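K.L.:
With the input below, show me the fold.
(one chain, ligands or ions: 1)
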Amino acid sequence: MSIERILQKRSESKCELCTSNENLSVYEVPKSPKDGEEGSIYICNICTEQLEDTSKVDANHWRCINDSMWSTVPAVQVTAWRMLTRLRAEGWPQDLLDMLYLEEETLEWAKATGEGEDETDKIIHRDVNGVILNTGDSVVLIKDLKVKGSSLVAKQGTAVRRISLDRENAEFIEGKVGPTQIVIITKYVKKI
Ligand SMILES: [Zn+2]
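P.N.:
Predicted coordinates for the structure are as follows:
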C-alpha cells in the first residue's frame, strides 16, 4: 500500500490538522527520525502553504490545533507543537502548549527544527546585577515600589517568591507581594 493510501486511511481522508476534506496531500514533517507514514501527515493545501511559508500564516486558521493536538499520531503532535510555538506570542497558543504533553522522543523531534529557540534567546530577564532570572526564582526588591493602581507600597527588602517572566518584554517580571500579584521592573530586583 502506498504512503498516500495508508495516510488516507489513518486520517479518514480529512486534513489531520484542520479536518478539511479538500486538496489533501502527503506532507513530510521535517527532521523526522522515521521514514514513511510515521514521518508524514496528510493535510490540506491551506495547512501546507502556511507550514511552508511563514509569511502566509493566519493565526486564526490554527485554532484547529485545539482539537488536532490531541491526535495520537506523533507526526501530527510535532506539527501542532511547532505551529503553536511559532504563534505563541498570540497568547492562546501558549495556553495550548502548556497543555500539550509530548513523549520525550517526540519532543526532541519537535525541537529539531529550532522552532522557538530564537525567541527565547532574544528575551532574557536580568536582575540589577545582570544575573539571569528564570521562572520560579525568588527575588528581593532593592527599593520601595509603589504598586500601580493601588495604595500599596512594596517595601525595599520584600522577598517575591516564584516569579514569572513577561514573555514579550525583558524589563518585566511578575510576582506576589502579600496576596497581590504585581508587575515589577527587573532593574529593581535582586535574585536571592
Ligand atoms: Zn488543513
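
K.L.:
Can you tell me the centre-most residue of this structure?
P.N.:
For the chain, Thr85 is the residue whose C-alpha lies nearest the centre (Cα atoms, centre = their mean; 3.7 Å).

K.L.:
is it true that it lies in a strand?
P.N.:
No: using DSSP: H, G, I helix; E, B strand; the rest coil, the assignment for Thr85 is helix, not a strand.

K.L.:
Am I right that it is in contact with Gly114?
P.N.:
No: Thr85 lies out of contact with Gly114 (Cβ atoms under 8 Å); the separation is 10.2 Å. For the C-beta atoms, the positions are set from N, CA and C on the backbone; glycine is no exception.

K.L.:
got the contact list for stretch 31-48?
P.N.:
Residues outside stretch 31-48 that contact it (Cβ atoms under 8 Å, 6 or more residues apart in numbering) are 3-4, 6-8, 10-11, 13, 15-18, 20-29, 51, 61, 73-76, 78-79, 105, 109, 112-113.

K.L.:
Which members of those residues occur in strands, if any?
P.N.:
24-28 (DSSP state E).

K.L.:
Let me see the contact set for Ile3.
P.N.:
Counted by Cβ under 8 Å, 6+ apart, Ile3 has contacts 26, 36-37, 40.

K.L.:
The residues you listed into a markdown table, with extra columns for pLDDT?
P.N.:
Output for the contacts of Ile3, formatted as a markdown table (pLDDT from 0 to 100):
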| residue | pLDDT |
| --- | --- |
| Val26 | 97 |
| Gly36 | 92 |
| Glu37 | 94 |
| Ser40 | 97 |
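
K.L.:
Quick check: the farthest pair among these?
P.N.:
Val26 and Gly36 (10.3 Å; Cβ to Cβ).

K.L.:
Looking at the two, which one has more neighbours?
P.N.:
Comparing Val26 with Gly36 by other Cβ atoms under 10 Å, the one with more neighbours is Val26, at 16 against 11.
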